[in-house]
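> the sequence isn't on hand, but the structure is:
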């Protein structure tokens, strides 16, 4: 089996990757890193343009409507040991207002042999957009049969299709 795949900025997916794909996938909360409705709509239009007739779009995203708002909200991702080092992973969320969240993803690296500890942090901003709003934007972009599926993955799955 041959699988044609590609990676691009979501806002220029069709320009970079072309058309005739069976499926466009955007996972792991990548969509909310686009910070405006205009950018989200553009990305969904680009996804739509990449698809062959009858093709689909699958988006996996956190339901931010259910997330608590505030500052210094800690999201733990556990600890892992690999190659003699323990890694402790967590995020700190700071909502700057109802719609935007500044994320800091921390990786604490504990060398079990030497006892040395290093910390790494990656920062980003997140559009805390509700899945219902994302579904509306998908419809505006031309997708049909847009729906949200729960209990099939650890986060909601949004699906839409290009008309056949």
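All right, it came through fine. Please read all numbers here as calculations on a predicted model, not as lab measurements.
> kindly report the domain assignment for the chain.
10-64+128-161, 68-125 (automatic domain parsing).
> okay, those in TSV with distance to residue 3, mean neighbour count and mean pLDDT next?
In this view, the C-beta of every residue, glycine as well, is placed from N, C-alpha and C. Shown next, in TSV, are the domains of the chain (distance: least, CB to CB, whole Å; neighbours: other CB atoms under 10 Å; pLDDT from 0 to 100):
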stretch	distance to residue 3	mean neighbour count	mean pLDDT
domain 10-64+128-161	10	17	95
domain 68-125	29	12	97
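> is the residue positioned nearest the centre of the chain within a helix or a strand, and which one?
The centre of the chain sits closest to residue 29, judged by CA atoms, centre = their mean, with a distance of 1.6 Å. Under the criterion DSSP states H and E, no helix or strand holds residue 29.
> repeat that for the one 10 residues further on.
When elements are assigned from DSSP H and E, residue 39 belongs to helix 37-50.
> which elements pack onto that helix?
Using 3 or more CB pairs under 8 Å, 6 or more residues apart in numbering; DSSP states H and E as the contact test, the elements touching helix 37-50 are helix 13-17, strand 21-26, strand 51-60, helix 131-140.
> now the ones you listed as TSV including distance to residue 164?
What follows is the helices and strands packed on helix 37-50, written out as TSV (distance: least, CB to CB, whole Å):
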stretch	distance to residue 164
helix 13-17	19
strand 21-26	12
strand 51-60	4
helix 131-140	17
